[in-house]
Structure formats: C-alpha cells, structure tokens
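# Any chance you could fold what I've pasted below:
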Amino acid sequence: MPAMPVMPPIDVVSDASVALKWFHAEGEEEVEPSRGLIGAYEAQTVALQVLDLTAYEIGNALLRGRTKATPSQVNTVLQSLSEICPATRPGQEDFGLAAEIAARHGLTFYDAVYAAVAQRRHARLATLDQQLLDAALGMRPSEIPLEPAAPPTPRRKRLTPGSRSAEPDSGGRPARRR
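Take a look at the predicted model:
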C-alpha cells in the first residue's frame, strides 16, 4: 500500500495579542484557541512563529497592563516565549510592504509588520487586534484550522462496457469504442 503523502503544516504568524494568551488567561478572550496553536505546533500541524518584536510587546503589556507583572515574571515569560516557538526577524522587503499596509489601512507600523511578514510568507496571521481583523489582514485563532486540509483524492478511472481503455477523453469520460 503506498504511503500517504505528508501534508505540510499550516504556516501561522502570531502577533503579541495572541501570544500573550499563552501566558495570561484572566479576563482574556480566545485563550483556548490561542493555546491550541501551541499544541498544533508541537504536533507539527502548524508552523508557528512570532516576530522578534513580540517579546517587546509582551514585556510591555505585562509590565504596564492589567497584570502589573514583576520584572522577574516578565523575564520568565519572555524566556518561555523563546522556548515555545522561533522568533522571525523581518527583512527590508517586509518593512517596505509594512509601510504600504500601514498607510493603506491606517495601522501602526509595528502592527503592519506582522501583516507584511505573514503575507510575504504566505502564512496566516493569528491576531486579536481589531484593526488588523477589520482590514482582513489577520484571523482570530478560533478561525484558523489546526489541521492541514487533506489532499484531494485522485479520481479512479473506470472501464465502462464498450470502452477501449481507462484513458479519459477530453471531457474526462473514458473513451468509447466507435
């Protein structure tokens, strides 16, 4: 029996609004779907990445946000983030595209960088940022399929009475004997 082809994982870039849910749940939305991305990454059905600027955003949110985390807690979270998934550093082409996206959609440059990186890598952007969602540049974690789509099943060619071969004619039907 031939081996089933292995489907490539779904590429996902996570912004800080989603990555923060991996560490802080109280009063947050989409916690389970956000954490589901990590499980899918571990199961190798999702190729998950964050940007290098995600650590800065998470650190700031923990120190200045509702949690009022201690410096030690922030350090622990950022160490864990670096162990969970790789951080990608945007390149010059990402920055150029980000500037265009920011201007077109009225976004901050750093939010547009997430969208640019996802677009250039043909990845899905996991975000809870309403401006990115309204601009249709990202998806909520609950909207991202965590399993790759199954490959299409090849159609089997059937011989029909009077057919000469199993080769389809131009209409996709087996050729008939004349």
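# tell me the SS of Asp11?
Asp11 carries the three-state label strand when classified by DSSP: H, G, I helix; E, B strand; the rest coil.
# check contacts around it.
46-47, 49, 121-124 (C-beta atoms under 8 Å, 6 or more residues apart in numbering). Bear in mind the C-beta positions are built from the backbone N, C-alpha and C, glycine included.
# before we move on, what about Tyr41?
Tyr41 is in contact with 47-48, 84-85, counting by C-beta under 8 Å, 6+ apart.
# Would you state the strands of this protein in chain order?
With DSSP state E as the criterion, the chain has strands at 10-14, 46-51, 87-88, 124-126, 163-168, 174-176.
# per-residue pLDDT, the closest residue to Ala87 other than its chain neighbours?
Using C-beta to C-beta, 6 or more residues apart in numbering and skipping residues adjacent in sequence, the residue nearest Ala87 is Asp52, 4.7 Å away. Note for Asp52: predicted pLDDT of 97.
# wait, isn't Asp52 in contact with Ser82?
No. Contact criterion C-beta atoms under 8 Å: Asp52 and Ser82 do not qualify, at 10.2 Å.
# Report the beta-bridge partner residues of the one residue sitting closest to the centre of the chain.
Nearest to the geometric centre of the chain sits Val12, at 1.9 Å (C-alpha atoms, centre = their mean). Counting by DSSP bridges, Val12 forms beta bridges with Leu48, Arg124.
# Need the buried ones from the contacts of Asp11 selected in PyMOL.
Here is the PyMOL selection string for the buried members of the contacts of Asp11, based on 16 or more other C-beta atoms under 10 Å:
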select buried, resi 46+47+49+121+123+124
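# ok so, going back, could you measure the residue nearest to the centre of the chain against Gln73, distance?
According to C-beta to C-beta, to the nearest Å, Val12 and Gln73 sit 26 Å apart.
# do Glu26 as well
In this view, Glu26 and Gln73 are 14 Å apart by C-beta to C-beta.
# So between these two, which is more surrounded?
Gln73 (15 against 7; other C-beta atoms under 10 Å).
# My read is that that one contacts Leu62, right?
Yes. Gln73 lies in contact with Leu62 (C-beta under 8 Å); the separation is 6.8 Å.
# which stretches of this protein have low pLDDT?
Residues of the chain meeting the criterion pLDDT under 70: 1-8, 148-178.
# rerun that using 80 as the cut-off
Scanning the chain with the threshold set as pLDDT under 80 gives 1-8, 147-178.
# Could you pull out the helices in it for me?
Along the chain, counting by DSSP state H, helices occupy 16-19, 31-42, 54-64, 71-84, 92-105, 109-120, 130-134.
# Appreciated, that's everything.
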